[in-house]
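Undergrad: any chance you can model this:
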Amino acid sequence: MLHLQSHVNRTVKVPRQYFWKRLKAFDKIQTLLPKTIKEVKIPDNFSNSPGDVRYVYLEKVYQGEVIERLDGLIEEKYMAYSVIDLSLIHI
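TA: The predicted structure follows:
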């Protein structure tokens, strides 16, 4: 089994509350990446809590579906999520 891990550091010049409001809204990832994401589907039982899953549909260069799971969230300090399936990505 292949395990990959990635870390991204990026400086964003916006107020901290503005950034975290969008980042913690796991079901609204399009607000951060509007030109890349075509659609986001959320299960009926979604609660924006660890364990929740979102289905992200990408367009342009990396067309396809990515299934992601929210693993942890400590407001304004920490967020972790996993890509659990890339079954339809066309690279």
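
Undergrad: how far does the strand ranked longest in the chain sit from the chain's center?
TA: Secondary structure of the chain per DSSP state E: the longest strand is strand 64-74. Chain-centre distance of strand 64-74: 5 Å, with C-alpha atoms, centre = their mean, to the nearest Å.

Undergrad: name the helices or strands packed onto that strand?
TA: strand 53-58, strand 78-85 (3 or more C-beta pairs under 8 Å, 6 or more residues apart in numbering; DSSP states H and E). C-betas here are computed from N, CA, C, even on glycine.

Undergrad: quick one: residues in contact with the last one.
TA: This points to strand 78-85. 23-24, 26, 53, 65-73 (C-beta atoms under 8 Å, 6 or more residues apart in numbering).

Undergrad: closest to N9 among those?
TA: Lowest distance from N9 to those (C-beta to C-beta) belongs to L23, with 14.1 Å.

Undergrad: pretty sure the closest one sits against L32.
TA: Yes: with contacts counted by C-beta atoms under 8 Å, L23 reaches L32, the gap being 7.0 Å.

Undergrad: which one of those two has more residues nearby?
TA: L23 (17 against 13; other C-beta atoms under 10 Å).

Undergrad: dihedrals phi and psi, that one?
TA: phi -70, psi -40 (degrees, to the nearest 10).

Undergrad: who's in contact with it?
TA: 32, 79.

Undergrad: now the helix or strand where Y18 lies, how far from the centre of its chain.
TA: Assigned by DSSP states H and E, Y18 belongs to helix 16-23. Helix 16-23 sits 14 Å away from the centroid of its parent chain (C-alpha atoms, centre = their mean).

Undergrad: ok and that helix relative to strand 78-85, angle-wise?
TA: 20 degrees (axes from the mean of the first three to the mean of the last three C-alpha atoms, to 10 degrees).

Undergrad: what's the mean pLDDT across helix 16-23?
TA: The average pLDDT within helix 16-23 is 83.

Undergrad: between that helix and strand 64-74, how big is the angle?
TA: Angle between the axes of helix 16-23 and strand 64-74 is 130 degrees (criterion: the same axes, to 10 degrees).

Undergrad: C-terminal to helix 16-23, what's the next element?
TA: Beyond helix 16-23 toward the C-terminal end (DSSP H and E), the next one is strand 37-41.
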